[in-house]
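Asker: Got a sequence here, can you build the structure:
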Amino acid sequence: MYVKLIYPSHDFYNKRVISENGGRRRRTLFPPVNIALLAALTPLKYRLEVVDENVEVDSINTEDLPDVVGISAMTGTAPRMYELADEYRMLGVKVILGGSHATAMPEEALKHADAVVIGEADEIWADILNDFEKGTYKRIYKQKNYSSLKGLPILRYDLFQEGSYYMPRTFQTSRGCPYNCSFCSVTSTFGRRYRHRPIEDVIREIKETPGPNLVAFTDDNIMADRRRAKELFKALKELKIIWASQASINSARDTELLRLAQESGCRALFIGIESISEETLKEANKSGVNRPKDYSKLIENFRRYGVRLLGSFVFGFDTEERDVFYKTVRFAVNSKLDLAQFSVLTPFPGTSIYDRFKEEGRLMDIGWEHFYQGEVCFYPMRMSPQELQRGQRYAWRKFYTTSNTLKRIIRYGKYTPIYWLVNYIFSQINLSDVPPLVNVVKKAWKMVDKTVRLRA
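Answerer: I've put the predicted structure just below:
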């Protein structure tokens, strides 16, 4: 049986890159871990192909059609997922859909698929393919329990296009998040119980995956379990890698944790600050997790241990007034964040805020391609959609002005030219009606990679 796995690209990027490159994709930040894992879980008896549309556009060869196509997508790429699924089904190919959007909207996904996988598929993927091979497949598949993450195979990055990724060594050491933010879809897909892979499995996978010493961990919160994180960082130290990941800002309360992270090679973290307002954090169900009065001290703790920070802020909560944009940028600049990301609140299916906005009739009647954190897709409480959109773009422009950028990069010493370029690239997010955040981030990380090579 011939199996093809596809990771679709956002419709905007898809059309743009096709027109510019004649069907050939540019390089992107890192390969999709979920597709690489499904590929590794696919029995060797099957012929297998993977397509990441961030680097190549899927082409349907009617002379050599797969028997089964599996597609995984987030909400913003759901339209492209459905487009591909419909095209393959018209040609008689069986289609399996999964990912966060299909998990949250299985009935919708079933209109475009022969089967839908809800949640994780680690422990049932081989059985699903066996059912399709025998012609006895079900319409809905769902594991009885979340995966233990023990004994997972080495990711099949050998199936992806070589040279297409700035950070080809991308791994996952844990899943789930102990928090339950109202706007985050992580818990609806992976649950609130924080699960982690055996450290020896992680170390083995890193050692057996060739590539540069720059590594990305896609964990939603790599420091959620601090005791486990410390053991992981001790084990990473011997590998002499440089790595980046995501963590909660309150991780910086533990300076021993930060010291071990630094010694293990941690150089950059994405942290979800979200808001500088206690009232807004309460609405986001993050009160008590993030404490605005402690932000500056915690950011300084990260900096003292050599960790560069990309701080993330979200605009659009019901508690926010029109002055939230100015106040947030002022804080971001004064706190000396290295980089900042300013997103529009996006009510993803599967989140409590989606359910509330839907019940209140506040969701706009627009396509899923608009649900990607850069475009307003609901009716705010205390400002118009246009004011929210303008405010978000004001924040980007203001944080990345020449004067504010100079204040940040002057502390980078001999690496000032590199970080100037990183800041410049991030500032370009304002030059398009649809902010190309994915492209901005991947270009920025390319510059970080150069910095790491200089240090080496």
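Asker: Would you mind giving the secondary structure of Ser343?
Answerer: Here Ser343 takes the strand state, with states given by DSSP: H, G, I helix; E, B strand; the rest coil.
Asker: Setting aside sequence neighbours, what's the nearest residue to Gly391?
Answerer: Closest residue in space to Gly391, ignoring its immediate chain neighbours: Phe325 at 3.9 Å, by C-beta to C-beta, 6 or more residues apart in numbering. C-betas here are computed from N, CA, C, even on glycine.
Asker: any idea how far Gln392 is from that neighbour?
Answerer: Computed as C-beta to C-beta, to the nearest Å, the Phe325 to Gln392 distance reads 7 Å.
Asker: Pull up the overlap in contacts between these two.
Answerer: In terms of C-beta atoms under 8 Å, 6 or more residues apart in numbering, Phe325 and Gln392 are both contacted by the residues Phe315.
Asker: So the protein: which segments form each domain?
Answerer: Structural domains assigned to the chain are 2-142, 166-455, following automatic domain parsing.
Asker: Out of the ones you listed, flag the one nearest Leu155.
Answerer: domain 2-142 (4.0 Å; C-beta to C-beta).
Asker: and the closest residue to Phe183 other than its chain neighbours, what pLDDT?
Answerer: Distances taken as C-beta to C-beta, 6+ apart place Ile353 nearest to Phe183, at 5.0 Å, with adjacent residues excluded. Looking at Ile353, its pLDDT is 95.
Asker: cool, Asn61 as well?
Answerer: For Asn61, the model assigns a pLDDT of 89.
Asker: Output the domains of the chain in TSV; the columns should cover distance to Leu155 and mean neighbour count.
Answerer: Written out in TSV, the entries for these read as follows (distance: least, C-beta to C-beta, whole Å; neighbours: other C-beta atoms under 10 Å):
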stretch	distance to Leu155	mean neighbour count
domain 2-142	4	19
domain 166-455	7	18
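Asker: element containing the residue nearest to Gly391, please.
Answerer: Here Phe325 is covered by helix 324-334, with elements defined by DSSP states H and E.
Asker: contacting residues around that helix?
Answerer: Contacts with helix 324-334, where a contact means C-beta under 8 Å, 6+ apart, come from 275-277, 295-296, 311, 313, 315, 340, 342, 391-392, 394-395, 398-399, 404, 407.
Asker: In strands only, show me these.
Answerer: Where the contacts of helix 324-334 overlap with strands, as defined by DSSP state E, the overlap consists of Gly311, Phe313, Phe315, Ala340, Phe342.
Asker: The last one - nearest residue in space that isn't next to it in sequence?
Answerer: Distance criterion C-beta to C-beta, 6+ apart; nearest residue to Phe342, sequence neighbours excluded, is Ala395 at 4.1 Å.
Asker: Might you report the residue contacts of that neighbour?
Answerer: Contacts for Ala395 (C-beta under 8 Å, 6+ apart) come out as Phe313, Phe315, Phe325, Thr328, Val329, Ala340, Phe342.
Asker: I'd assumed Glu263 was in contact with Gly306.
Answerer: No. Because the distance of 9.9 Å does not satisfy C-beta atoms under 8 Å, Gly306 is recorded as not touching Glu263.
Asker: Can you show me the strands along the protein?
Answerer: Remark: strands assigned in the chain by DSSP E are 2-7, 47-52, 68-72, 94-98, 115-118, 140-142, 170-171, 174-175, 195-196, 214-217, 242-247, 266-274, 308-315, 339-344.
Asker: packing partners for the last one?
Answerer: Meaning strand 339-344. On a contact count with 3 or more C-beta pairs under 8 Å, 6 or more residues apart in numbering; DSSP states H and E, strand 339-344 meets strand 308-315, helix 385-399, helix 416-427.
Asker: Need these in JSON lines (columns: distance to Lys134 and mean pLDDT).
Answerer: Compiled in JSON lines, these are given as follows (distance: least, C-beta to C-beta, whole Å; pLDDT from 0 to 100):
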{"stretch": "strand 308-315", "distance to Lys134": "46", "mean pLDDT": "96"}
{"stretch": "helix 385-399", "distance to Lys134": "50", "mean pLDDT": "96"}
{"stretch": "helix 416-427", "distance to Lys134": "50", "mean pLDDT": "71"}
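Asker: Same list, those, but as JSON lines with distance to Trp125 please.
Answerer: Compiled in JSON lines, those are given as follows (distance: least, C-beta to C-beta, whole Å):
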{"stretch": "strand 308-315", "distance to Trp125": "32"}
{"stretch": "helix 385-399", "distance to Trp125": "39"}
{"stretch": "helix 416-427", "distance to Trp125": "37"}
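Asker: just so I know, which of the ones you listed lies nearest Thr170?
Answerer: With distances scored as C-beta to C-beta, the stretch of those nearest to Thr170 is strand 308-315 (16.5 Å).
Asker: ok, Thr187 to Ala115 distance?
Answerer: Thr187 is 24 Å from Ala115, where distance means C-beta to C-beta.
Asker: Repeat that for Leu159.
Answerer: Counting by C-beta to C-beta - Leu159 and Ala115 are separated by 22 Å.
Asker: Equivalent analysis for Ala78, please.
Answerer: Computed as C-beta to C-beta, the Ala78 to Ala115 distance reads 17 Å.
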